[in-house]
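[1] Dropping the sequence and predicted coords here.
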Amino acid sequence: MPVDDLNALKVNAVKAYRAAVERANPFTAVQSCIKKNGMPTPKNGGQTLVIGVGKAAPAMIKGLRELLDGPNNCICITHKENGENVENCEMFKAGHPVPDQTGELGSKRVIAALEQVGKDDQVLFLVSGGGSALMPAPVDGVNLEDKIVLNEILLSSGLSIDEMNHVRQQTSKLKGGGLLQYADPAPVTSYILSDVIGNDLRVIASGPTVSPLGTKKSALDILASNNLMKLIPQNILNHFEAETFERKSNDAVNYLIGDNRESIHASAESLSKSFVTFVEDEPLIGDVNDAAKKIHQKLKEIESSTKPTAIVWGGETTVKIKGSGLG
């Protein structure tokens, strides 16, 4: 294939992209995990509660319920632009990346449903990218408008996703393991499709079924060290300064069912048929300008190559908003 044939290059790029997306297919990823590990079931005639949160929630729920025997209650919170419905499931199509009232209503419905489960019931929780913004559940003393303002500040700050979710956890009833508190004493099994480099389960959707990244104090330290304190709503500052009570609940069984790394290798496999292919182990993270410099440097290193060459990266860069952009 001529390296200067732009149409051929485009075709190969699209194939590589599709291979990456298919490797992370939410429907098949959930099913593969369940077929390997078995389907968790309720005891003594208990009920199954299925909760899906994130951009891939509808597909994940469909994949799970195709394998699920017996009746189940179902709640789905997904992006309002998703447009996909799930049969016999309460649907909440919410805002992302800025939280909205629909997401808050969905969160309240999740809490209400969790408060009804008992020790013989089974909670199946499905989480994917966007779950943090799609499931806003402000702590007492903080309202949705406060959360929206905080989210806009975080999105335009240049903070990493880890740092943003670190702060978000401390203002939420459900994030940072909060979901487990409401589900207790019912067992919870969580299927997690990662959109976070490094796959820290505490960061993905702000970790509803795992321990938090830190404390109110460490969240305040992040805001202070980035000169954001003066921008934060007073209700949130008051909450950070109030006494902290330890959350106690059962642990969840968490399965990581797909991630960026697997998709990168799927792209590389597709490209290797026509190109000398390099997979970069170090992810592209941090400021987008720094990431661009890394890409440029790598291109300089291979510019003398006489063979068609492809480089595959994965990562998540950040931008610092200077104008009126959304982030």
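    Nice, thanks for sending it over. Numbers count the residues shown, from 1 in each chain.
[2] Wait, a helix at H296?
    Yes: under DSSP: H, G, I helix; E, B strand; the rest coil, H296 falls within a helix.
[3] show me the contacts for L154.
    164, 167-168 (CB atoms under 8 Å, 6 or more residues apart in numbering). All C-beta spots, glycine's among them, are computed from the backbone N, C-alpha and C.
[4] Just to check, A291 is in contact with E282?
    No: contact criterion CB atoms under 8 Å: A291 and E282 do not qualify, at 10.8 Å.
[5] Which one's more surrounded, these two?
    Set side by side, A291 and E282 show more neighbours around A291, with 18 against 9, by other CB atoms under 10 Å.
[6] So which elements touch the strand or helix carrying that one?
    Using DSSP states H and E, A291 falls within helix 288-302. Other helices and strands packing on helix 288-302, by 3 or more CB pairs under 8 Å, 6 or more residues apart in numbering; DSSP states H and E, are strand 284-287, strand 309-312, strand 315-318.
[7] what's it in contact with?
    With CB under 8 Å, 6+ apart as the test, helix 288-302 has contacts from 278, 280, 284-285, 309, 311, 313, 315, 317-319.
[8] Check the average confidence over it, would you?
    Helix 288-302 shows a mean pLDDT of 91.
[9] Equivalent analysis for stretch 149-157, please.
    91.
[10] and it, how far out from the chain's middle?
    On the basis of CA atoms, centre = their mean, to the nearest Å, stretch 149-157 is displaced by 17 Å from the centre of the chain it belongs to.
[11] check contacts around the residue lying closest to G103 once chain neighbours are set aside.
    Nearest residue to G103, sequence neighbours excluded (CB to CB, 6 or more residues apart in numbering): A94, at 3.3 Å. Counting by CB under 8 Å, 6+ apart, A94 touches 77-80, 100, 102-103, 106, 133-135.
[12] Can you flag which of the residues you listed belong to strands?
    Among the contacts of A94, the members found in strands (DSSP state E) are 77-79.
[13] Closest one to S304 out of these, please.
    Among the ones in strands among the contacts of A94, H79 lies closest to S304 (CB to CB), at 44.4 Å.
[14] Would you confirm that that closest one contacts G129?
    No: counting by CB under 8 Å, H79 sits too far from G129 to count as a contact (9.3 Å).
[15] Can you check which residues contact both of the two?
    Among the neighbours of H79, those also in contact with G129 (CB under 8 Å, 6+ apart) are K55.
[16] from memory N199 sits against L256, does it?
    Yes: at 5.9 Å, N199 and L256 qualify as touching, with contact defined as CB under 8 Å.
[17] Would you mark the buried spots in stretch 64-81?
    Applying a neighbour-count criterion of 16 or more other CB atoms under 10 Å, one finds 64-65, 68, 72-79 buried in stretch 64-81.
[18] Now the terminal residues of it, how far apart.
    End-to-end span of stretch 64-81 (CA to CA, to the nearest Å): 22 Å.
[19] Now do that stretch: distance to the chain's middle.
    18 Å.
[20] Select only the buried ones of the contacts of L154 in ChimeraX?
    Buried subset of these, written as a ChimeraX selection, criterion 16+ other CB under 10 Å:
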select :164,167,168
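[21] Let me see the mean pLDDT of the lengthiest helix in the chain.
    Looking across the chain with DSSP state H, the single longest helix is helix 6-23. Across helix 6-23, pLDDT averages out at 92.
[22] in that helix, what counts as buried?
    Residues 9, 12, 16, 19-20, 23 are the ones in helix 6-23 that count as buried (16+ other CB under 10 Å).
[23] Quick one: list the elements packing against it.
    Looks like helix 6-23 contacts helix 260-271, strand 309-312 (3+ CB pairs under 8 Å, 6+ apart).
[24] Please work out which of those is packed deepest.
    helix 260-271 (a mean of 20; mean count of other CB atoms under 10 Å).
[25] Now the element after that helix, going C-ward?
    Reading on from helix 260-271 to the C-terminus, the next helix or strand found by DSSP H and E is strand 276-279.
[26] I'd assumed V149 was in contact with P233.
    Yes: applying CB under 8 Å as the test, P233 and V149 come out as touching, 5.3 Å apart.
[27] thinking again about what came up before, so what sits against both of A291 and E282?
    Common neighbours of A291 and E282 are not found (criterion: CB under 8 Å, 6+ apart).
[28] what kind of secondary structure is the residue nearest to C76 when sequence neighbours are not counted in?
    Closest residue to C76 apart from its sequence neighbours, by CB to CB, 6+ apart: G52 at 4.7 Å. At G52, secondary structure determined by three-state DSSP is strand.
[29] and G52, bridged to which residues?
    Beta-bridge pairing for G52 (DSSP bridges): C76, L126.
[30] Looking at it now. What's its pLDDT?
    The model reports G52 with a pLDDT of 98.
[31] need the contact list for it.
    Contacts of G52 (CB under 8 Å, 6+ apart): 58, 60-61, 74-78, 86, 125-127.
[32] How much space separates it from S267?
    27 Å (CB to CB, to the nearest Å).
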